[in-house]
Every structure is written in structure tokens, then in C-alpha cells.
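Asker: One predicted model, sequence on top.
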Amino acid sequence: MPKIRAAESSLTAFVLYFALPAFLFDAVATAPVSEGVPWSFALIAFGVTALVSTLTWTAGRFAGRRTQPLAAPLALAASYGNVGYLGVPIALSILGPEAGLAAAVGQLIHNLMFMLGYPAVRALSSGGSKDSPVSRQMWIAVKKALLTNPITLSVAAGIVVALVDVPLPSPVSDTLGLFGQTAVPLAMFAVGLTLPAAVKGLRDGSVPAFPLILGTIIKMVLLPILTVVIVALLAPSLGSLWSGTLVLMAAMPTSATAYVLSQQEDADPRIVSSMIAVSSIVGVATIPLALSWFVL
């Protein structure tokens, strides 16, 4: 098990700091950035996810004594989708390279929302401590999400390159392309390495079944359907590329990054690792259904 954890940590670090930033930079740098981003896209991407996260937390708080301590990590797992590792490549492969900007902005909103918001909310709820007051904890969250996060920086750099409209030298673009091509398979392999620990938690009963089932239904069924309904009601004129990207992002299984956040902020992150495992398995069936019913 220690060897598996070491391999998972190394693969995750490579994807986070090299492969995925290269992938997103290349996608954004070649996207039509000058055309802008519809405000409705950004509002729906943020608003629906925040609503589902809040509703899940509320349900967890009132679902019973055993579920109550898991309300925060359950809300995280039920709304933080694998938009970077899985959603972006699927969007580009299904909707075409024109979806590069929509996919990049969608994952950026998603990542900033949770990488900044979750630590901030947990800091406020805990009230901080003498050694680490709330203001310091929130500054650390902002620094991680905005100033030192390689994904955020790569998207920002890609936007600059796209606006300047100056092609990169071939050796640079070719190298970035090679790194970017490794992002998806390595990320999925790293997620797979978390499955043994998740299965162990299910077998020994340390992860209660009810919140796991509830969170999976919310993440894989309620969130994409609610996104489709909100788009139809509030943004019917939103183009198929932008609306399709919204639905795809909502249909993704729980992000592996959610487990990293939960490890840092929660006493027991096992519900999140179990959600990653179960939602990834369920996604084999639900993602193609979402694609055929709502996107294609």
C-alpha cells in the first residue's frame, strides 16, 4: 500500500505541475479568446455547482448522526467534478478544438471555486486557531488557488498568448504538445490507484453506505440534469458549444483533487475517496447517456 500511495503521489504531481498545465495552455492559446466568454456560461457554471454543493451539505447535516460529520466532505465530493483531467479532453474530442476556451474557462471556474472556496469555508466554520487565524488560512487558500496554482497560471498564460496572437516556436509548441498528451492517461491511472483504499473502506464499513449512495446520485444524476434545466430556462440562446461544455462538466465523476482538499481540511476524507471510485464506475454508463441525450 505505501508503494501505491507513493506512485499515486508522484503521478498526481507530474500531471498537476507539468502535463495538465501544458494541455490547458495549448488548448487556450489556440482558442478564439477574442470572441469572449458568455456571462450566462460563467454564472451557470458557478451558480448551479454552488447550489448543489449547498443543498448536499444541508441534506448531510439533517440526514442522521452518522452522516452529519461527513456533510462538508460529502458536499465537496458531490459537486467537485473531474473537469480538468476528464472533462476538458472529452469536451475537445466530442465538441472539437473550438471548445478549448469553453472547457478551459469551465475548469478554471470549477477549480477556483473549490480550491479557494472550500478551504475558506472550512476556516470560517472552524473559527481558526491561535497559531493559524482565519485570515491566515484564507490567505493560504487564495495563494494556492490563484498565485501558485500551475493550472490557473497556465490558463492565464494561454489567454495572453491567444490575445497577442504570436505563434510559439515549433520546439516549444511540440514539447508542450508531448507533455499535454500524457495528461489524461496518467491522471486516470492515478485515480485508479486510489480505488483499493476506497474499496477497503466500503468492505470494512468505515465508509457508511447511505451518504455514499446519496452523494453519487447527486453528482452523477442531479447535477447534470439540473444544469440542463437551468440552461434551458435561463440561457436558451447559449450556443451548443457552450451549453454542451456546461453539461459535460456537470456530468463528470468526482475529482481526484477533491480528495487532496479533503485530506487537508477534513478529519476523515474517506467518503471523498469512495465517491471518486463509485462515481468513476457509474460514469462509464452515465457520461455516454449525458452525451447522447443532452450534448450530441
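Answerer: Good, I have the coordinates.
Asker: and the closest residue to Val88 other than its chain neighbours, what helix or strand is that in?
Answerer: Excluding the flanking residues, the one nearest Val88 by CB to CB, 6 or more residues apart in numbering is Ala103, at 4.5 Å. The way it works is simple: take the backbone N, C-alpha and C, and place the C-beta from them, glycine included. Assigned by DSSP states H and E, Ala103 belongs to helix 100-126.
Asker: tell me the SS of Pro236?
Answerer: coil (DSSP: H, G, I helix; E, B strand; the rest coil).
Asker: Which pLDDT does the model give it?
Answerer: Looking at Pro236, its pLDDT stands at 91.
Asker: distance of it from Val229?
Answerer: Relative to Val229, Pro236 is positioned 11 Å away (CB to CB, to the nearest Å).
Asker: same check, this time on Val247
Answerer: 11 Å.
Asker: Between these two, tell me which one has more neighbours.
Answerer: Val247 (20 against 11; other CB atoms under 10 Å).
Asker: The strand or helix carrying that one vs helix 100-126, what angle?
Answerer: Taking DSSP H and E as the criterion, Val247 maps to helix 240-251. On the basis of axes from the mean of the first three to the mean of the last three CA atoms, to 10 degrees, helix 240-251 is oriented at 40 degrees to helix 100-126.
Asker: Which element is encountered next along the chain beyond helix 240-251?
Answerer: helix 256-265.
Asker: Share the number of residues neighbouring Gly60, please.
Answerer: With other CB under 10 Å as criterion, Gly60 counts 23.
Asker: Relative to Ser10, how far out is the residue lying closest to Ala22 once chain neighbours are set aside?
Answerer: Distances taken as CB to CB, 6+ apart put Phe179 closest to Ala22, at 3.7 Å, once the chain neighbours are dropped. Going from Phe179 to Ser10 by CB to CB gives 16 Å.
Asker: Now do the helix or strand hosting Ala290: distance to the chain's middle.
Answerer: Using DSSP H and E, Ala290 falls within helix 270-290. Remark: helix 270-290 is offset 13 Å from the chain centroid, using CA atoms, centre = their mean, to the nearest Å.
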